[in-house]
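J.: Structure for the following, please:
(2 chains)
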Amino acid sequence: MRRSPFASLLWYLAPVLFALSIFGLWAVVTELGLVKKIFLPPPVDVFVNLWKGMIEGNLLQLTGATLLRMFYGWVLASAAGIFIGTLIGLSETARAWLTPTLELLRPLPASTLLPIGIALFGLNANMLLAVIAFGAIWPVLLATVDGFRFIEPRLKEVAAILGISRFSFAFKFGLPSAAPDILSGMRLSLTACLIITVIGEIVTAQDGLGTAIILAARSYRSVDLFAGVVLLGAVGFLNNALLSALRRALLPWQKT
Amino acid sequence: MTTSNMPAISFDRVSLSIANRKIIDDVSFEVSKGEFVCVVGPSGCGKTTLLRMVIGLAQPNDGEVRRFGQPVTGPVRDVAVVFQDYGRALLPWRTAAGNVALALEAAGTPKAERADTIASLLEKVGLRGHGDKYPGQLSGGMQQRVQIARCLAQQPGILLMDEPFGALDAMTRQTLQDEIAEIVAGTGTTVMFVTHDIDEAIYLGDRVVQLDANPGRVAEISDVSLARPRDQISSREAPEFLRLRHVLFAHIERSAHP
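T.: I've put the predicted structure just below:
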(Lines give C-alpha, C1' and ligand atoms only; values in the text may rest on other atoms or scores of the structure.)
Protein backbone atom coordinates (compact mmCIF):
# COMPACT_ATOMS: atom_id res chain seq x y z
CA MET A 1 0.00 0.00 0.00
CA ARG A 2 1.40 3.40 -1.02
CA ARG A 3 0.74 6.36 1.25
CA SER A 4 1.20 10.04 0.64
CA PRO A 5 4.01 11.69 2.66
CA PHE A 6 1.45 13.33 4.93
CA ALA A 7 -0.40 10.06 5.51
CA SER A 8 2.80 8.17 6.30
CA LEU A 9 3.91 10.89 8.73
CA LEU A 10 0.54 10.58 10.42
CA TRP A 11 1.00 6.80 10.47
CA TYR A 12 4.21 7.14 12.49
CA LEU A 13 2.91 9.91 14.72
CA ALA A 14 -0.42 8.26 15.51
CA PRO A 15 0.86 6.02 18.34
CA VAL A 16 2.59 9.00 19.98
CA LEU A 17 -0.47 11.17 19.54
CA PHE A 18 -2.65 8.50 21.07
CA ALA A 19 -0.39 8.17 24.12
CA LEU A 20 -0.28 11.96 24.49
CA SER A 21 -4.06 12.17 24.25
CA ILE A 22 -4.36 9.79 27.21
CA PHE A 23 -2.23 12.19 29.26
CA GLY A 24 -4.34 15.04 27.87
CA LEU A 25 -7.52 13.35 29.00
CA TRP A 26 -5.92 12.71 32.38
CA ALA A 27 -4.99 16.42 32.61
CA VAL A 28 -8.52 17.52 31.67
CA VAL A 29 -10.13 15.20 34.19
CA THR A 30 -7.96 16.49 37.05
CA GLU A 31 -8.21 20.12 35.90
CA LEU A 32 -11.99 20.01 35.91
CA GLY A 33 -11.88 18.47 39.38
CA LEU A 34 -13.87 15.40 38.31
CA VAL A 35 -11.71 13.25 40.59
CA LYS A 36 -10.17 14.40 43.86
CA LYS A 37 -6.49 15.21 43.55
CA ILE A 38 -5.69 12.92 46.45
CA PHE A 39 -6.84 9.98 44.33
CA LEU A 40 -5.71 11.20 40.91
CA PRO A 41 -3.07 13.93 40.84
CA PRO A 42 -2.57 16.01 37.67
CA PRO A 43 -0.03 14.47 35.25
CA VAL A 44 2.20 17.53 35.42
CA ASP A 45 2.56 17.12 39.19
CA VAL A 46 3.36 13.45 38.72
CA PHE A 47 6.10 14.09 36.16
CA VAL A 48 7.58 17.00 38.11
CA ASN A 49 7.61 14.82 41.18
CA LEU A 50 9.12 11.95 39.20
CA TRP A 51 11.88 14.27 38.03
CA LYS A 52 12.54 15.62 41.53
CA GLY A 53 12.48 12.13 42.98
CA MET A 54 15.16 11.04 40.58
CA ILE A 55 17.36 14.12 40.94
CA GLU A 56 16.95 14.89 44.63
CA GLY A 57 15.47 11.76 46.13
CA ASN A 58 16.44 8.10 45.93
CA LEU A 59 13.90 7.10 43.24
CA LEU A 60 16.65 6.32 40.76
CA GLN A 61 18.37 4.14 43.32
CA LEU A 62 15.13 2.31 44.14
CA THR A 63 14.40 1.77 40.45
CA GLY A 64 17.91 0.46 40.01
CA ALA A 65 17.45 -1.99 42.86
CA THR A 66 14.19 -3.26 41.38
CA LEU A 67 15.59 -3.50 37.87
CA LEU A 68 18.65 -5.37 39.03
CA ARG A 69 16.55 -7.82 41.00
CA MET A 70 14.24 -8.32 38.03
CA PHE A 71 17.17 -8.75 35.67
CA TYR A 72 18.99 -11.29 37.87
CA GLY A 73 15.79 -13.23 38.31
CA TRP A 74 15.19 -13.18 34.57
CA VAL A 75 18.70 -14.34 33.69
CA LEU A 76 18.47 -17.08 36.29
CA ALA A 77 15.02 -18.18 35.10
CA SER A 78 16.06 -18.09 31.44
CA ALA A 79 19.31 -20.00 31.93
CA ALA A 80 17.70 -22.64 34.13
CA GLY A 81 14.61 -22.82 31.90
CA ILE A 82 16.60 -23.33 28.71
CA PHE A 83 18.93 -25.86 30.35
CA ILE A 84 16.22 -27.98 31.98
CA GLY A 85 13.95 -27.54 28.96
CA THR A 86 16.70 -28.85 26.68
CA LEU A 87 17.29 -31.90 28.87
CA ILE A 88 13.59 -32.68 28.87
CA GLY A 89 13.12 -31.77 25.21
CA LEU A 90 15.88 -34.11 24.02
CA SER A 91 14.26 -37.19 25.52
CA GLU A 92 10.86 -38.33 24.41
CA THR A 93 10.52 -40.34 27.61
CA ALA A 94 11.30 -37.37 29.84
CA ARG A 95 8.83 -35.29 27.86
CA ALA A 96 6.04 -37.81 28.25
CA TRP A 97 6.70 -38.33 31.97
CA LEU A 98 7.32 -34.77 33.11
CA THR A 99 5.17 -32.50 30.95
CA PRO A 100 1.89 -33.07 32.85
CA THR A 101 3.55 -32.14 36.15
CA LEU A 102 5.16 -29.07 34.62
CA GLU A 103 1.83 -27.98 33.20
CA LEU A 104 0.39 -28.37 36.69
CA LEU A 105 3.08 -26.17 38.24
CA ARG A 106 2.97 -23.54 35.52
CA PRO A 107 -0.28 -21.74 36.35
CA LEU A 108 0.67 -21.53 40.04
CA PRO A 109 0.90 -17.80 40.84
CA ALA A 110 4.44 -17.10 41.97
CA SER A 111 3.22 -14.73 44.68
CA THR A 112 1.69 -17.69 46.48
CA LEU A 113 5.18 -19.13 46.74
CA LEU A 114 6.40 -16.11 48.63
CA PRO A 115 5.00 -17.26 51.99
CA ILE A 116 6.54 -20.70 51.43
CA GLY A 117 9.84 -19.07 50.47
CA ILE A 118 9.74 -16.91 53.56
CA ALA A 119 8.98 -19.91 55.77
CA LEU A 120 11.83 -21.93 54.28
CA PHE A 121 14.55 -19.35 53.71
CA GLY A 122 13.48 -16.33 55.71
CA LEU A 123 13.00 -12.74 54.67
CA ASN A 124 16.04 -12.00 52.60
CA ALA A 125 17.13 -10.90 49.16
CA ASN A 126 18.30 -14.34 48.01
CA MET A 127 14.99 -15.91 48.92
CA LEU A 128 13.25 -13.23 46.86
CA LEU A 129 15.56 -13.88 43.92
CA ALA A 130 14.85 -17.60 44.11
CA VAL A 131 11.11 -16.99 44.11
CA ILE A 132 11.38 -14.58 41.17
CA ALA A 133 13.37 -17.11 39.18
CA PHE A 134 11.05 -19.97 40.10
CA GLY A 135 7.97 -17.98 39.19
CA ALA A 136 9.40 -16.82 35.88
CA ILE A 137 11.01 -20.08 34.75
CA TRP A 138 7.85 -21.68 33.34
CA PRO A 139 7.35 -19.76 30.11
CA VAL A 140 10.98 -20.36 29.16
CA LEU A 141 11.10 -23.98 30.25
CA LEU A 142 7.88 -24.99 28.55
CA ALA A 143 8.70 -23.01 25.39
CA THR A 144 12.04 -24.83 25.19
CA VAL A 145 10.40 -28.23 25.62
CA ASP A 146 7.81 -27.29 23.00
CA GLY A 147 10.48 -25.98 20.65
CA PHE A 148 12.27 -29.31 20.80
CA ARG A 149 9.04 -31.21 20.32
CA PHE A 150 8.28 -29.41 17.06
CA ILE A 151 11.64 -29.82 15.36
CA GLU A 152 11.05 -30.59 11.69
CA PRO A 153 11.08 -34.42 11.40
CA ARG A 154 13.03 -34.18 8.15
CA LEU A 155 15.82 -32.41 10.03
CA LYS A 156 15.99 -35.26 12.53
CA GLU A 157 16.54 -37.60 9.58
CA VAL A 158 19.26 -35.31 8.24
CA ALA A 159 20.92 -35.38 11.67
CA ALA A 160 20.69 -39.18 11.77
CA ILE A 161 22.20 -39.50 8.30
CA LEU A 162 25.06 -37.17 9.20
CA GLY A 163 25.66 -39.05 12.43
CA ILE A 164 25.23 -35.95 14.61
CA SER A 165 25.67 -36.64 18.32
CA ARG A 166 22.90 -35.86 20.77
CA PHE A 167 24.95 -33.04 22.24
CA SER A 168 25.58 -31.43 18.84
CA PHE A 169 21.97 -31.99 17.92
CA ALA A 170 20.84 -29.93 20.91
CA PHE A 171 23.08 -27.01 19.90
CA LYS A 172 22.88 -27.15 16.12
CA PHE A 173 19.29 -28.29 15.57
CA GLY A 174 17.27 -28.12 18.77
CA LEU A 175 18.09 -24.74 20.24
CA PRO A 176 18.05 -22.79 16.96
CA SER A 177 14.79 -24.46 16.03
CA ALA A 178 13.33 -23.65 19.45
CA ALA A 179 14.83 -20.15 19.55
CA PRO A 180 11.73 -18.27 18.37
CA ASP A 181 9.64 -20.09 20.99
CA ILE A 182 12.28 -19.57 23.65
CA LEU A 183 12.47 -15.84 22.97
CA SER A 184 8.70 -15.56 23.20
CA GLY A 185 8.92 -17.43 26.49
CA MET A 186 11.66 -15.10 27.70
CA ARG A 187 9.47 -12.13 26.89
CA LEU A 188 6.64 -13.50 29.02
CA SER A 189 9.18 -14.41 31.66
CA LEU A 190 10.53 -10.86 31.85
CA THR A 191 7.04 -9.50 32.42
CA ALA A 192 6.49 -12.13 35.10
CA CYS A 193 9.82 -11.17 36.68
CA LEU A 194 8.79 -7.53 36.93
CA ILE A 195 5.46 -8.43 38.52
CA ILE A 196 6.93 -10.90 41.01
CA THR A 197 9.77 -8.54 41.87
CA VAL A 198 7.40 -5.70 42.72
CA ILE A 199 5.04 -7.93 44.69
CA GLY A 200 7.99 -9.62 46.37
CA GLU A 201 9.45 -6.31 47.44
CA ILE A 202 6.14 -5.32 48.94
CA VAL A 203 5.73 -8.62 50.80
CA THR A 204 9.29 -8.87 52.04
CA ALA A 205 9.88 -5.14 52.51
CA GLN A 206 13.05 -5.07 50.42
CA ASP A 207 14.07 -1.63 49.17
CA GLY A 208 12.77 -1.01 45.67
CA LEU A 209 10.02 0.50 43.57
CA GLY A 210 7.40 -1.88 44.90
CA THR A 211 8.02 -0.81 48.49
CA ALA A 212 8.14 2.83 47.44
CA ILE A 213 4.75 2.54 45.73
CA ILE A 214 3.05 0.76 48.61
CA LEU A 215 4.48 3.23 51.16
CA ALA A 216 3.27 6.15 49.03
CA ALA A 217 -0.19 4.59 48.76
CA ARG A 218 -0.46 3.95 52.49
CA SER A 219 0.52 7.52 53.34
CA TYR A 220 -1.84 9.03 50.73
CA ARG A 221 1.05 10.51 48.75
CA SER A 222 -0.77 9.92 45.48
CA VAL A 223 1.77 11.92 43.47
CA ASP A 224 4.54 9.55 44.57
CA LEU A 225 2.30 6.57 43.98
CA PHE A 226 1.58 7.62 40.40
CA ALA A 227 5.21 8.49 39.79
CA GLY A 228 6.09 4.91 40.74
CA VAL A 229 3.38 3.47 38.53
CA VAL A 230 4.48 5.58 35.54
CA LEU A 231 8.04 4.45 36.13
CA LEU A 232 6.99 0.80 36.23
CA GLY A 233 5.08 1.29 33.00
CA ALA A 234 8.19 2.76 31.39
CA VAL A 235 10.24 -0.21 32.59
CA GLY A 236 7.76 -2.63 31.04
CA PHE A 237 7.84 -0.68 27.79
CA LEU A 238 11.65 -0.70 27.66
CA ASN A 239 11.69 -4.43 28.44
CA ASN A 240 9.62 -5.12 25.37
CA ALA A 241 11.81 -2.93 23.19
CA LEU A 242 14.89 -4.75 24.51
CA LEU A 243 13.39 -8.14 23.72
CA SER A 244 12.43 -7.10 20.19
CA ALA A 245 16.00 -5.96 19.56
CA LEU A 246 17.31 -9.22 21.02
CA ARG A 247 15.04 -11.17 18.71
CA ARG A 248 16.23 -9.34 15.62
CA ALA A 249 19.85 -9.85 16.62
CA LEU A 250 19.49 -13.55 17.44
CA LEU A 251 17.17 -14.65 14.64
CA PRO A 252 18.59 -12.97 11.53
CA TRP A 253 17.13 -15.69 9.29
CA GLN A 254 13.58 -14.81 10.30
CA LYS A 255 11.86 -12.23 8.21
CA THR A 256 9.90 -9.82 10.33
CA MET B 1 37.82 -54.96 2.80
CA THR B 2 36.22 -57.84 1.01
CA THR B 3 33.40 -55.63 -0.10
CA SER B 4 35.13 -54.05 -3.08
CA ASN B 5 33.47 -56.14 -5.77
CA MET B 6 30.09 -56.31 -4.05
CA PRO B 7 27.16 -54.39 -5.52
CA ALA B 8 26.75 -51.01 -3.85
CA ILE B 9 23.07 -51.67 -3.16
CA SER B 10 21.19 -54.93 -3.26
CA PHE B 11 17.54 -55.66 -2.64
CA ASP B 12 17.19 -59.36 -1.94
CA ARG B 13 13.55 -60.53 -2.05
CA VAL B 14 12.41 -57.51 -0.04
CA SER B 15 8.82 -57.26 1.16
CA LEU B 16 7.12 -54.83 3.48
CA SER B 17 3.61 -54.75 4.88
CA ILE B 18 2.13 -52.01 7.01
CA ALA B 19 -1.07 -52.80 8.90
CA ASN B 20 -1.68 -55.94 6.82
CA ARG B 21 -1.37 -54.00 3.59
CA LYS B 22 1.43 -55.09 1.32
CA ILE B 23 3.48 -52.04 0.32
CA ILE B 24 6.40 -53.81 -1.31
CA ASP B 25 6.25 -57.33 -2.66
CA ASP B 26 9.32 -59.43 -3.30
CA VAL B 27 11.56 -56.78 -4.81
CA SER B 28 15.01 -57.85 -5.98
CA PHE B 29 17.56 -55.82 -7.90
CA GLU B 30 21.09 -54.61 -7.54
CA VAL B 31 22.95 -51.40 -8.18
CA SER B 32 26.61 -51.81 -9.10
CA LYS B 33 29.33 -49.55 -7.84
CA GLY B 34 29.42 -46.30 -9.77
CA GLU B 35 26.16 -47.04 -11.50
CA PHE B 36 23.34 -44.48 -11.92
CA VAL B 37 20.06 -46.32 -11.47
CA CYS B 38 16.69 -44.60 -11.73
CA VAL B 39 13.66 -46.09 -10.03
CA VAL B 40 10.46 -44.99 -11.66
CA GLY B 41 6.86 -45.78 -10.88
CA PRO B 42 3.46 -44.32 -10.09
CA SER B 43 2.72 -42.91 -6.66
CA GLY B 44 2.05 -45.65 -4.16
CA CYS B 45 4.54 -48.06 -5.70
CA GLY B 46 6.82 -47.78 -2.68
CA LYS B 47 9.78 -46.22 -4.46
CA THR B 48 10.46 -43.79 -1.63
CA THR B 49 10.10 -46.64 0.86
CA LEU B 50 12.74 -48.61 -1.04
CA LEU B 51 15.03 -45.61 -0.80
CA ARG B 52 14.39 -45.27 2.94
CA MET B 53 15.36 -48.92 3.33
CA VAL B 54 18.73 -48.17 1.78
CA ILE B 55 19.18 -45.30 4.25
CA GLY B 56 18.14 -47.52 7.13
CA LEU B 57 15.09 -45.44 8.08
CA ALA B 58 12.73 -48.28 7.12
CA GLN B 59 13.17 -52.02 7.59
CA PRO B 60 11.70 -54.79 5.43
CA ASN B 61 9.53 -57.51 6.97
CA ASP B 62 11.06 -60.05 4.64
CA GLY B 63 14.26 -60.23 2.67
CA GLU B 64 17.32 -58.10 3.10
CA VAL B 65 18.71 -54.80 1.89
CA ARG B 66 22.52 -54.64 1.70
CA ARG B 67 25.04 -51.90 1.09
CA PHE B 68 28.37 -53.12 -0.25
CA GLY B 69 27.39 -56.59 0.88
CA GLN B 70 26.57 -55.61 4.46
CA PRO B 71 22.98 -55.70 5.77
CA VAL B 72 21.67 -52.20 6.43
CA THR B 73 21.34 -51.49 10.14
CA GLY B 74 20.90 -47.72 10.18
CA PRO B 75 21.88 -44.40 8.61
CA VAL B 76 25.57 -43.80 7.90
CA ARG B 77 27.48 -40.80 6.59
CA ASP B 78 28.58 -42.76 3.51
CA VAL B 79 24.99 -42.67 2.26
CA ALA B 80 23.87 -39.14 1.37
CA VAL B 81 20.26 -38.28 0.62
CA VAL B 82 18.85 -35.44 -1.46
CA PHE B 83 15.25 -35.05 -0.30
CA GLN B 84 12.55 -33.55 -2.48
CA ASP B 85 11.47 -31.06 0.18
CA TYR B 86 14.65 -28.98 0.29
CA GLY B 87 12.77 -26.37 2.31
CA ARG B 88 12.55 -28.77 5.22
CA ALA B 89 15.84 -30.57 4.76
CA LEU B 90 17.92 -27.40 5.12
CA LEU B 91 18.58 -25.63 8.41
CA PRO B 92 16.82 -22.28 7.97
CA TRP B 93 19.05 -20.67 10.63
CA ARG B 94 22.23 -21.49 8.74
CA THR B 95 23.44 -19.82 5.59
CA ALA B 96 24.07 -21.82 2.41
CA ALA B 97 27.72 -22.16 3.48
CA GLY B 98 26.65 -23.07 7.01
CA ASN B 99 24.41 -25.85 5.74
CA VAL B 100 27.27 -27.34 3.74
CA ALA B 101 29.54 -26.90 6.76
CA LEU B 102 27.20 -29.10 8.80
CA ALA B 103 28.29 -32.19 6.88
CA LEU B 104 31.95 -31.28 7.37
CA GLU B 105 31.48 -30.63 11.09
CA ALA B 106 29.75 -33.99 11.43
CA ALA B 107 32.62 -35.70 9.66
CA GLY B 108 35.15 -33.96 11.91
CA THR B 109 36.86 -32.04 9.11
CA PRO B 110 39.41 -29.65 10.68
CA LYS B 111 38.11 -26.10 10.84
CA ALA B 112 40.96 -24.73 8.73
CA GLU B 113 40.04 -26.92 5.77
CA ARG B 114 36.33 -26.26 5.81
CA ALA B 115 36.19 -22.84 4.14
CA ASP B 116 38.02 -23.98 1.01
CA THR B 117 35.97 -27.15 0.71
CA ILE B 118 32.72 -25.22 1.12
CA ALA B 119 33.75 -22.63 -1.46
CA SER B 120 34.63 -25.28 -4.04
CA LEU B 121 31.43 -27.25 -3.40
CA LEU B 122 29.27 -24.15 -3.74
CA GLU B 123 31.13 -23.32 -6.93
CA LYS B 124 30.49 -26.82 -8.20
CA VAL B 125 26.72 -26.50 -7.76
CA GLY B 126 26.67 -23.00 -9.26
CA LEU B 127 26.19 -21.07 -6.03
CA ARG B 128 29.34 -19.02 -6.06
CA GLY B 129 28.81 -15.77 -4.18
CA HIS B 130 25.64 -17.02 -2.49
CA GLY B 131 27.32 -18.69 0.49
CA ASP B 132 26.22 -16.11 3.04
CA LYS B 133 22.55 -16.19 2.10
CA TYR B 134 19.96 -17.95 4.21
CA PRO B 135 17.78 -20.62 2.53
CA GLY B 136 14.80 -18.27 2.88
CA GLN B 137 16.60 -15.81 0.60
CA LEU B 138 17.22 -18.39 -2.14
CA SER B 139 14.97 -19.72 -4.90
CA GLY B 140 13.79 -23.33 -4.84
CA GLY B 141 16.38 -24.40 -7.39
CA MET B 142 19.16 -22.73 -5.42
CA GLN B 143 18.01 -24.33 -2.16
CA GLN B 144 18.09 -27.73 -3.83
CA ARG B 145 21.63 -26.93 -4.99
CA VAL B 146 22.60 -26.22 -1.39
CA GLN B 147 21.25 -29.60 -0.36
CA ILE B 148 23.19 -31.28 -3.17
CA ALA B 149 26.35 -29.48 -2.07
CA ARG B 150 25.81 -30.67 1.51
CA CYS B 151 25.42 -34.24 0.23
CA LEU B 152 28.61 -33.94 -1.82
CA ALA B 153 30.41 -32.69 1.30
CA GLN B 154 29.69 -36.09 2.82
CA GLN B 155 31.81 -37.61 0.03
CA PRO B 156 29.28 -40.41 -0.08
CA GLY B 157 29.81 -43.81 -1.64
CA ILE B 158 26.08 -43.89 -2.30
CA LEU B 159 23.96 -40.90 -3.27
CA LEU B 160 20.21 -41.35 -2.91
CA MET B 161 17.89 -38.88 -4.55
CA ASP B 162 14.18 -38.84 -3.76
CA GLU B 163 12.38 -37.00 -6.56
CA PRO B 164 14.89 -34.20 -6.06
CA PHE B 165 13.66 -32.03 -8.92
CA GLY B 166 9.94 -32.78 -8.57
CA ALA B 167 9.11 -29.42 -7.00
CA LEU B 168 11.08 -27.32 -9.48
CA ASP B 169 10.00 -25.65 -12.72
CA ALA B 170 10.82 -27.36 -16.02
CA MET B 171 13.78 -25.17 -16.97
CA THR B 172 15.48 -25.44 -13.58
CA ARG B 173 14.82 -29.18 -13.58
CA GLN B 174 16.65 -29.66 -16.87
CA THR B 175 19.60 -27.57 -15.76
CA LEU B 176 19.93 -29.50 -12.52
CA GLN B 177 19.61 -32.84 -14.36
CA ASP B 178 22.64 -31.95 -16.45
CA GLU B 179 24.54 -30.65 -13.43
CA ILE B 180 23.97 -33.72 -11.30
CA ALA B 181 24.94 -36.01 -14.20
CA GLU B 182 28.14 -34.08 -14.68
CA ILE B 183 29.01 -33.91 -10.98
CA VAL B 184 28.40 -37.60 -10.42
CA ALA B 185 30.31 -38.65 -13.54
CA GLY B 186 33.54 -37.39 -12.05
CA THR B 187 33.27 -39.04 -8.64
CA GLY B 188 32.39 -42.68 -9.21
CA THR B 189 29.54 -42.33 -6.76
CA THR B 190 26.72 -44.85 -6.94
CA VAL B 191 23.36 -43.17 -7.46
CA MET B 192 19.85 -44.41 -6.83
CA PHE B 193 17.49 -41.79 -8.21
CA VAL B 194 13.78 -42.06 -7.51
CA THR B 195 11.33 -40.24 -9.77
CA HIS B 196 7.86 -40.55 -11.25
CA ASP B 197 9.04 -38.89 -14.47
CA ILE B 198 9.86 -41.55 -17.07
CA ASP B 199 11.70 -39.11 -19.36
CA GLU B 200 13.88 -37.98 -16.49
CA ALA B 201 14.63 -41.58 -15.54
CA ILE B 202 15.76 -42.49 -19.07
CA TYR B 203 17.70 -39.26 -19.50
CA LEU B 204 19.73 -39.74 -16.31
CA GLY B 205 19.99 -43.48 -15.76
CA ASP B 206 22.40 -46.19 -16.79
CA ARG B 207 19.47 -48.43 -15.99
CA VAL B 208 15.82 -47.82 -15.22
CA VAL B 209 13.94 -49.96 -12.73
CA GLN B 210 10.23 -49.68 -13.36
CA LEU B 211 7.88 -50.51 -10.51
CA ASP B 212 4.21 -51.45 -10.43
CA ALA B 213 1.97 -50.13 -7.67
CA ASN B 214 -0.24 -51.82 -5.07
CA PRO B 215 1.79 -53.66 -4.05
CA GLY B 216 5.10 -52.28 -5.28
CA ARG B 217 7.02 -54.83 -7.32
CA VAL B 218 9.59 -54.72 -10.07
CA ALA B 219 7.92 -54.64 -13.49
CA GLU B 220 10.87 -54.16 -15.77
CA ILE B 221 14.55 -53.34 -15.65
CA SER B 222 15.89 -51.64 -18.77
CA ASP B 223 19.46 -50.80 -19.78
CA VAL B 224 19.86 -47.31 -21.19
CA SER B 225 22.54 -47.37 -23.85
CA LEU B 226 22.63 -43.65 -24.53
CA ALA B 227 26.09 -42.11 -24.85
CA ARG B 228 27.31 -39.76 -22.12
CA PRO B 229 27.49 -36.87 -21.67
CA ARG B 230 23.85 -36.60 -22.63
CA ASP B 231 22.20 -33.62 -24.19
CA GLN B 232 18.76 -32.26 -23.45
CA ILE B 233 17.92 -31.99 -27.16
CA SER B 234 19.79 -34.69 -29.06
CA SER B 235 19.67 -37.41 -26.38
CA ARG B 236 15.95 -36.99 -25.97
CA GLU B 237 15.52 -37.36 -29.78
CA ALA B 238 17.75 -40.42 -30.06
CA PRO B 239 16.03 -43.63 -31.26
CA GLU B 240 17.17 -45.45 -28.09
CA PHE B 241 15.50 -42.79 -25.91
CA LEU B 242 12.25 -43.02 -27.87
CA ARG B 243 12.36 -46.83 -27.85
CA LEU B 244 12.70 -46.94 -24.03
CA ARG B 245 10.07 -44.30 -23.62
CA HIS B 246 7.75 -46.45 -25.73
CA VAL B 247 8.47 -49.56 -23.67
CA LEU B 248 7.99 -47.87 -20.31
CA PHE B 249 4.84 -45.96 -21.24
CA ALA B 250 3.37 -49.03 -22.94
CA HIS B 251 3.75 -50.90 -19.68
CA ILE B 252 1.90 -48.17 -17.79
CA GLU B 253 -0.88 -48.26 -20.38
CA ARG B 254 -1.14 -52.03 -20.04
CA SER B 255 -1.29 -51.96 -16.26
CA ALA B 256 -3.82 -49.12 -16.25
CA HIS B 257 -6.15 -50.89 -18.72
CA PRO B 258 -5.50 -54.60 -18.37
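J.: all contacts plus neighbour counts: C-alpha atoms, from now on.
T.: Noted.
J.: which SSE is the closest residue to B:Thr49 other than its chain neighbours in?
T.: In space, and not counting its chain neighbours, B:Thr49 is closest to B:Ala58: 7.0 Å by CA to CA, 6 or more residues apart in numbering or on different chains. Following DSSP states H and E, there is no helix or strand that holds B:Ala58.
J.: Low-confidence stretches in the stretch 51-200 of chain B?
T.: Counting by pLDDT under 70, the stretch 51-200 of chain B shows no low-confidence range.
J.: There's contact between the residue nearest to B:Thr49 and B:Glu64 in this structure, I believe.
T.: No: between B:Ala58 and B:Glu64 there is no contact under CA atoms under 8 Å: 11.6 Å.
J.: which residues does A:Gly170 contact?
T.: Just to correct that, residue A:170 is Ala rather than Gly. A:86, A:90 (CA atoms under 8 Å, 6 or more residues apart in numbering or on different chains).
J.: Residues of the stretch 1-150 of chain B that sit close to chain A?
T.: B:55, B:75-77, B:79-80, B:88-94, B:103, B:106-107, B:134, B:136 (CA under 8 Å from any CA of the partner chain).
J.: so where do the strands sit in the chain?
T.: Since you didn't name a chain, this refers to chain A. When secondary structure is read from DSSP state E, chain A shows no strands.
J.: Actually, chain B is the one I wanted.
T.: Under DSSP E, chain B gives strands at B:9-18, B:21-31, B:36-40, B:62-67, B:70-71, B:79-82, B:158-162, B:190-195, B:207-212, B:217-223.
J.: Of the ones you listed, give the one that comes closest to A:Asn126.
T.: Smallest distance to A:Asn126 across the strands of chain B (CA to CA): 53.1 Å, for strand B:79-82.
J.: these two touch, right, B:Lys33 and B:Ala8?
T.: Yes: assessed by CA under 8 Å, B:Lys33 is found in contact with B:Ala8 at 5.0 Å.
J.: which residues do these two both contact?
T.: Taking CA under 8 Å, 6+ apart as the criterion, B:Lys33 and B:Ala8 both touch B:Thr190.
J.: mind listing what the closest residue in space to A:Ala160 that isn't next to it in sequence touches?
T.: Among residues not flanking A:Ala160 along the chain, B:Pro75 sits closest, at 6.2 Å (CA to CA, 6+ apart). Counting by CA under 8 Å, 6+ apart, B:Pro75 touches A:160-163, B:55-57.
J.: Out of the residues you listed, who's the most crowded?
T.: Neighbour tally across the contacts of B:Pro75 (other CA atoms under 10 Å in any protein chain shown): the maximum, 28 neighbours, falls on B:Ile55.
J.: before we move on, the earlier item: please produce a ChimeraX select command covering the buried subset of the residues of the stretch 1-150 of chain B next to chain A.
T.: Here is the ChimeraX selection string for the buried members of the residues of the stretch 1-150 of chain B next to chain A, based on 16 or more other CA atoms under 10 Å in any protein chain shown:
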select /B:55,75,77,79,80,89,90,91,92,93,94,103,106,107,134,136
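J.: Comparing B:Ala58 and B:Glu64, which shows the higher neighbour count?
T.: When B:Ala58 and B:Glu64 are compared on other CA under 10 Å, the one with more neighbours turns out to be B:Glu64, at 19 against 16.
J.: thought that one was touching B:Arg13?
T.: Yes: contact criterion CA under 8 Å: B:Glu64 and B:Arg13 qualify, at 6.8 Å.
J.: how near is B:Arg54 to A:Gly122?
T.: If you look again at residue B:54, you'll see it is Val, not Arg. 63 Å (CA to CA, to the nearest Å).
J.: neighbour count winner among these two?
T.: Set side by side, B:Val54 and A:Gly122 show more neighbours around B:Val54, with 26 against 14, by other CA under 10 Å.
J.: contacting residues around the more buried one?
T.: Listed by CA under 8 Å, 6+ apart, the contact set of B:Val54 reads B:9, B:65-67, B:72.
J.: Return the distance of A:Ser222 relative to chain B.
T.: According to CA to the nearest CA, to the nearest Å, A:Ser222 and chain B sit 50 Å apart.
J.: Fine by me, we can end here.
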